[in-house]
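Visitor: Predicted model follows, preceded by the sequence.
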Amino acid sequence: MLAALGFLTPFGPARSPGPAALRWFPLVGAVAGAVVGLIWWAASEAWHGPLVPAALAVAADLLMTGMLHVDGLADSADGLLPHLSRERRLEVMSAPDVGAFGLAATVAVLLLRFAAFGSLRPDVALVVGVWCVSRSLMVVAMLLLPYARPTGGLATAFLGGGVAAPALAASIGVAAGTSFAVWAGGAPAAAGVGAAVLAVAALLWVARRRLGGFTGDVLGAAVVVSETAALVVSGVRW
């Protein structure tokens, strides 16, 4: 659990993660969501209007993740969106700089997250549920797809373990996270979780076709994309 906390947030101990850490990803996601949700709710009590609370919620999420997942989103956009060969895509995604595709995708997603938080009534349970589901889907991605890089890469630390324990943890995480979200937001939140699953499925389909599998950047992008889809759809007037 401490290894998962140290990998997914900047607040855990400096410890090399292994395959056993995967089973704790949903719980770490729920904890991160609780912090973001509490800051969102507390800010809504302190400021008039939804703008400052929404901005603080987005900033709190960036702080809780150490911007790891947003970095994965930017690198994935740079690698998956242009017309490149598979080898070149992987090279671009491993480069330290950010290109036009990555910058545009990051700005667009952050604006969507800000607008979604601003359109929703602050609810800690909703964020806990969605953040739990997003980390569970990260585990599902690692179980369904092969690793795209021939050698090296951040996600190699999680390869080689058994499937049963992570699969069970991911299933429990999706079920528990969905229950929290639906309890908080009802049918719109249920639709939001469905949108999160579809968004990740689409991302993984593109990654499988263009990279041959997943990378650490794709996993980070999956977290951001799923959360954003869930927040946006949860705020729709049904």
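Guide: Thanks, I have the structure now.
Visitor: which stretch of helix or strand covers G192?
Guide: Remark: G192 resides in helix 164-210, with elements defined by DSSP states H and E.
Visitor: Mind checking what helix or strand follows that helix in sequence?
Guide: Following the chain from helix 164-210 toward its C-terminal end, the next helix or strand by DSSP H and E is helix 216-234.
Visitor: Could you figure out how far that following helix is turned away from helix 164-210?
Guide: Angle between the axes of helix 216-234 and helix 164-210 is 90 degrees (criterion: axes from the mean of the first three to the mean of the last three C-alpha atoms, to 10 degrees).
Visitor: Next, the buried residues of helix 216-234.
Guide: Neighbour counts using 16 or more other C-beta atoms under 10 Å place 216-234 of helix 216-234 among the buried residues. C-beta coordinates here come from the backbone N, C-alpha and C atoms, glycine included.
Visitor: Which strands and helices lie in contact with that helix?
Guide: Packed against helix 216-234 by the contact rule (3 or more C-beta pairs under 8 Å, 6 or more residues apart in numbering; DSSP states H and E) you find helix 68-80, helix 100-119, helix 124-144, helix 164-210.
Visitor: among the ones you listed, which is nearest E45?
Guide: Closest of the helices and strands packed on helix 216-234 to E45 is helix 124-144, at 12.1 Å (criterion: C-beta to C-beta).
Visitor: And the closest one, what does it pack against?
Guide: Secondary-structure packing of helix 124-144 (3+ C-beta pairs under 8 Å, 6+ apart): helix 25-46, helix 164-210, helix 216-234.
Visitor: Minimum distance to L22: which of the helices and strands packed on helix 216-234 has it?
Guide: helix 164-210 (4.1 Å).
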